[in-house]
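Trainee: With the input below, show me the fold.
(chains A and B)
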Amino acid sequence: MDVAAAPLSEYTAPKGAGPDEDVLAVAAAARGDRRAFERLYHRHVGRIYALCLRMTGRHDRAEDCVQETFIAAWRALPGFASRSRFSTWLHRIAVNTVIGRQRGLAARLEMVTDEPAELLDRRAVDDLPALDVEAAIATLPDGARHVLVMVGLYGFSHEEAAAELGIAVGTSKAQLHRARALLTARLGLETST
Amino acid sequence: MNRPLSASGRDLDALLAALPRAVPPPADLWPAINAAISPAPAHPVRRNGLYALAAGLAAVGVAVVLAGRAVHPPAELAAVTPAVDAPRATGSARAVEAKESEYQATRVALRRTYEERVRMLSPATRVRIAADLASIRRAQDDIRRALSADPGSRVLLRLYESTTQQEFDLYSIVGRSTEPVATRTLT
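Mentor: Okay, the predicted model is just below:
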């Protein structure tokens, strides 16, 4: 996988907040300290929101997923064993939330009222820099988009992505290849070499 | 094994690498999260109440879905159940009240058929349906109360929308499952 992405396992929280600071805040939050959890929220919400936004393609769903992710994280914090980094754990909760909503009752009900897929919320991509790339990612089929976002942008391994998405590792690799081919075509990157 | 990337592959990698990994949400989501995780005495939206509400909704949702699937495949169910139009992003308790008047027209129409047909079901089934409906109504009442304390909560608005959809699903399931065979659409 040659896409330049910071692996999740090497992720360092922004704004000078290193993993050590996360550990202290996580420990306090696990004891019920909501102020500590708020610090964790502000430290990680940008990345979690971007992940949810790119996986869902819509602002409203991304916001819902962010809320559910942090609520689920708060509830699960006492059982967080610190074997992985908090950021890694939180990203997995976010992915589970996105996928769960799509598979679950909520998604079935939303499908009744949703506008057609081609009418993706344009604001969702217009707010982001590099509009063309974001817009092209938003038009990818769900399976290809999920793998591209997880593996290509957020540093999940194919094994991790496959486990989270409930697909085979080979399928994850094939979806990434498909996503890259579609993006290359849609961005007009074909070369004549 | 990684194959060497073409020029287009390298261009794509460069574009993907340039994307920001973090994007701030347009609104501060912390207040709603904080309300949902706050303990009982400090906030009118009680944590235990939310757990109970969520558990109740989950139970009702599972019951409705299972009942629906027993009679119809999910796609067919979705096709025959009137859609609940969600109070959208700018929603508030007032938005729910406004939508409720629209829900009411659909509710009246669906209940007319429901009342006629539910008598055709066995007593045991009627008891289960009545219990599900009662749970749905309790959930709607709880969500309305929670919304009055936290009118901007998107989670609560979603819950309200989902609960009303479950109510409509239940009416539709009863109507469809008791429909005379000759009038059903064969697929």
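Trainee: only C-alpha atoms for contact and neighbour calcs from this point on.
Mentor: Will do.
Trainee: By mean pLDDT, flag the weakest helix or strand of chain B.
Mentor: helix B:74-80 (a mean of 44; mean pLDDT, DSSP states H and E).
Trainee: Ignore what I typed, I meant chain A.
Mentor: helix A:122-126 (a mean of 43).
Trainee: how near is the nearest residue to B:Thr178 once chain neighbours are set aside to chain A?
Mentor: When the adjacent residues along the chain are set aside, B:Thr178 lies closest to B:Arg117, with 6.2 Å between them (C-alpha to C-alpha, 6 or more residues apart in numbering or on different chains). According to C-alpha to the nearest C-alpha, to the nearest Å, B:Arg117 stands 24 Å off from chain A.
Trainee: Then B:Ile136?
Mentor: 15 Å.
Trainee: That residue: which element?
Mentor: helix B:123-149 (DSSP states H and E).
Trainee: Quick check: what element follows that helix along the chain?
Mentor: Beyond helix B:123-149 toward the C-terminal end (DSSP H and E), the next one is helix B:154-177.
Trainee: Now do stretch B:116-131, average pLDDT.
Mentor: For stretch B:116-131, the mean pLDDT works out to 76.
Trainee: related to what we said a few turns ago, helices or strands next to the helix holding B:Ile136 in the packing?
Mentor: helix B:47-71, helix B:93-118, helix B:154-177 (3 or more C-alpha pairs under 8 Å, 6 or more residues apart in numbering or on different chains; DSSP states H and E).
Trainee: in the shortest one, what's buried?
Mentor: Spelled out, it's helix B:154-177. B:154-177 (16 or more other C-alpha atoms under 10 Å in any protein chain shown).
Trainee: Is stretch A:150-164 in proximity to chain B?
Mentor: Yes - Stretch A:150-164 is in contact with chain B by C-alpha under 8 Å from any C-alpha of the partner chain, via A:152-154.
Trainee: helix or strand right after the least confident helix or strand of chain A?
Mentor: Taking DSSP H and E, what comes next after helix A:122-126 is helix A:131-138.
Trainee: With only the CA atoms kept, save the following helix or strand past that following helix in CSV.
Mentor: Remark: after helix A:131-138, the chain's next helix or strand is helix A:142-147, criterion DSSP H and E. Taking Å, rounded to 0.1, in the frame of the first residue of the first chain, the C-alpha atoms of helix A:142-147 are listed here in CSV:
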residue,chain,number,x,y,z
ASP,A,142,-19.8,2.6,-0.5
GLY,A,143,-17.5,-0.4,-0.4
ALA,A,144,-14.7,1.2,-2.3
ARG,A,145,-15.0,4.5,-0.4
HIS,A,146,-15.0,2.8,3.0
VAL,A,147,-11.8,0.9,2.3
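Trainee: Quick one: list the elements packing against helix A:142-147.
Mentor: Partner elements for helix A:142-147 (3+ C-alpha pairs under 8 Å, 6+ apart): helix A:34-56, helix A:169-186.
Trainee: gap between the first one and the chain center?
Mentor: Distance of helix A:34-56 from the chain centroid (C-alpha atoms, centre = their mean, to the nearest Å) equals 10 Å.
Trainee: To B:Ser101, which of the helices and strands packed on helix A:142-147 lies closest?
Mentor: Closest approach to B:Ser101 among the helices and strands packed on helix A:142-147 is made by helix A:34-56 (30.7 Å; C-alpha to C-alpha).
Trainee: what's that closest one packed up against?
Mentor: helix A:19-30, helix A:59-76, helix A:86-103, helix A:131-138, helix A:142-147, helix B:30-37.
Trainee: what mean pLDDT does it have?
Mentor: 95.
Trainee: Nearest the geometric middle of chain A, what residue?
Mentor: Chain A has A:Leu51 as the residue nearest its centroid, 2.8 Å off, counting by C-alpha atoms, centre = their mean.
Trainee: ok, and the closest non-adjacent residue to that one?
Mentor: A:Leu51 sits nearest to A:Val149 (C-alpha to C-alpha, 6+ apart), 7.2 Å away.
Trainee: For that neighbour, grab the count of nearby residues.
Mentor: For A:Val149, the count of nearby residues is 22 (other C-alpha atoms under 10 Å in any protein chain shown).
Trainee: With the one 4 residues further on instead?
Mentor: A total of 22 residues lie near A:Leu153 under the criterion other C-alpha under 10 Å.
Trainee: For the chain, give me the ranges with low pLDDT.
Mentor: Assuming you mean chain A. For chain A, the stretches with pLDDT under 70 are A:1-20, A:82-83, A:104-131, A:190-193.
Trainee: try again with chain B
Mentor: B:1-8, B:40-95, B:123-124, B:179-187.
Trainee: ok, now which ones touch the closest residue to A:His146 other than its chain neighbours?
Mentor: Distances taken as C-alpha to C-alpha, 6+ apart put A:Met55 closest to A:His146, at 5.6 Å, once the chain neighbours are dropped. By C-alpha atoms under 8 Å, 6 or more residues apart in numbering or on different chains, the contact list for A:Met55 reads A:98, A:142, A:145-146, A:149.
Trainee: From A:Gly100, how far out is the residue nearest to A:Val45 when sequence neighbours are not counted?
Mentor: Spatial nearest neighbour of A:Val45, excluding adjacent residues (C-alpha to C-alpha, 6+ apart): B:Pro24 at 7.0 Å. Relative to A:Gly100, B:Pro24 is positioned 23 Å away (C-alpha to C-alpha, to the nearest Å).
Trainee: Repeat that for A:Leu165.
Mentor: Taking C-alpha to C-alpha as the measure, A:Leu165 and A:Gly100 are separated by 10 Å.
Trainee: More neighbours: the two, which one.
Mentor: Legend: neighbour count by other C-alpha under 10 Å for A:Leu165 and A:Gly100, higher for A:Leu165 (18 against 15).
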